[in-house]
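>>> Everything below, folded, please.
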Amino acid sequence: VVSIYPSIWLAGWGGGGAPPRDILEWQPPTFETLAPILVPYKWLVSPKFYGLDRIPDEKTHRLLFVSNHALWGLEMPLLIEGLYREKNIFLRGLGAHFHFYLPGHKQIFEMMGAVDGTRPNTRLMLQKGFSVLVYPGGTREVLKNSKVQKYELMWGNRVGFAKIAVEEGVTIVPTCSVGTEDMLEILKDVLIDWLIGKSSLTAPIIKYPTRKPSESTSDSAIPSSRLRRRSSSMQSQGPTHLTPVQKLQELAANQTTPTPRPAGL
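Coordinates of the predicted model:
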């Protein structure tokens, strides 16, 4: 797992996200193509999925999945493959800019449907009917240090996903991944801010993990129309110290079954 990131120092080299045409012409990889990529993840983690019946139909709703990032991002490829297998939904992930400047790494990300996480790219995919996956905690949540509580959300005031959901009229699907951080023990925090230009960023060096199951859950989907009255209060909360389950419970409070997307959206 740690070996995914040793070439971050190449971020200054040529690269960047795919142009809009390539983003729209992308096709999901086959399960046979995904299999070798998932081998090390599936050796470590046996995911269980809950709440899949609550995910709205992709044919009648445009979906924005919002999730926590577990340590080292172990949950992400398994979440993507699991939803594709169980619900025939292939999530298009929004990635940090540096991912698309790493030779080899960039190609794997793009094959998996990921795009540079800009607002124009997000709007483009949602408008064209792709289901999108966003991790508001980003790199800092993947590389959380030993002082951060397990599963603590590091979203700060990042509510851009809520604004886009409201403006585009899409449905938010709160998603929670728990389990992997219970099997990972951080031995040391190594400062790597000089590698990718993020102040005080550290990378956790972990003990060889013990294989344990992970659990992914999808809470009741939240229609974006319901977020209009909530987005301003979310902005004023400042950094959150809620666990993913607590945060999702807060987001889903008093929500009802999502209404179908109006025709023409």
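>>> Report the buried residues of the helix or strand hosting residue 174.
Counting by DSSP states H and E, the element that carries residue 174 is strand 171-178. Buried residues in strand 171-178, defined by neighbour count with 16 or more other C-beta atoms under 10 Å: 171, 172, 173, 174, 175, 176, 177, 178. Any C-beta I mention is one placed from the backbone N, CA and C, and that applies to glycine too.
>>> And the residues you listed, which two are furthest apart?
Among the buried residues of strand 171-178, the pair separated by the greatest distance (C-beta to C-beta) is 171 and 178, at 22.8 Å.
>>> quick one on the thing from earlier: which neighbouring elements make contact with the strand holding residue 174?
Packing contacts for strand 171-178, counted by 3 or more C-beta pairs under 8 Å, 6 or more residues apart in numbering; DSSP states H and E, involve strand 63-67, helix 75-87, helix 160-168, strand 215-218, strand 222-223, helix 244-252.
>>> one step back: show me which of the buried residues of strand 171-178 is closest to residue 164.
For the buried residues of strand 171-178, the closest approach to residue 164 (C-beta to C-beta) belongs to residue 172, at 9.9 Å.
>>> Please write out the alpha-carbon positions of stretch 167-177 in PDB.
The C-alpha coordinates for stretch 167-177 follow below in PDB (Å, rounded to 0.1, in the frame of the first residue of the first chain):
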ATOM      1  CA  GLU A 167     -27.000  23.900  -8.500                       C
ATOM      2  CA  GLU A 168     -27.100  20.800 -10.800                       C
ATOM      3  CA  GLY A 169     -30.100  19.300  -9.100                       C
ATOM      4  CA  VAL A 170     -28.500  16.000  -8.300                       C
ATOM      5  CA  THR A 171     -29.000  13.500  -5.400                       C
ATOM      6  CA  ILE A 172     -26.300  13.100  -2.800                       C
ATOM      7  CA  VAL A 173     -25.600   9.600  -1.600                       C
ATOM      8  CA  PRO A 174     -23.800   9.700   1.800                       C
ATOM      9  CA  THR A 175     -21.400   6.800   2.000                       C
ATOM     10  CA  CYS A 176     -19.300   5.500   4.900                       C
ATOM     11  CA  SER A 177     -16.400   3.100   4.900                       C
END
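>>> For this structure, name the helix or strand with the lowest mean pLDDT.
Ranking every helix and strand in the chain by mean pLDDT, DSSP states H and E puts helix 228-235 at the bottom, with a mean of 38.
>>> Verify the stated contact: residue 113 with residue 95.
No - the criterion here is C-beta atoms under 8 Å, and residue 113 misses it with residue 95 at 10.1 Å.
>>> Excluding covalently adjacent residues, which one is nearest to residue 90?
In space, not counting the residues next to it along the chain, residue 90 is nearest to residue 28; the distance is 4.2 Å by C-beta to C-beta, 6 or more residues apart in numbering.
>>> Please enumerate the helices of this structure.
Using DSSP state H, the helices found in the chain span residues 20-25, 31-44, 75-87, 105-111, 119-127, 138-142, 160-168, 193-196, 228-235, 244-252.
>>> Reformat these into CSV and put mean neighbour count and distance to residue 184 next to each item.
As requested, the helices of the chain are arranged in CSV below (neighbours: other C-beta atoms under 10 Å; distance: least, C-beta to C-beta, whole Å):
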stretch, mean neighbour count, distance to residue 184
helix 20-25, 12, 33
helix 31-44, 13, 10
helix 75-87, 20, 12
helix 105-111, 17, 21
helix 119-127, 17, 30
helix 138-142, 20, 12
helix 160-168, 19, 26
helix 193-196, 14, 21
helix 228-235, 13, 29
helix 244-252, 18, 16
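>>> Pick the one among the buried residues of strand 171-178 closest to residue 207.
Using C-beta to C-beta, residue 178 is the member of these that lies nearest residue 207, at 19.4 Å.
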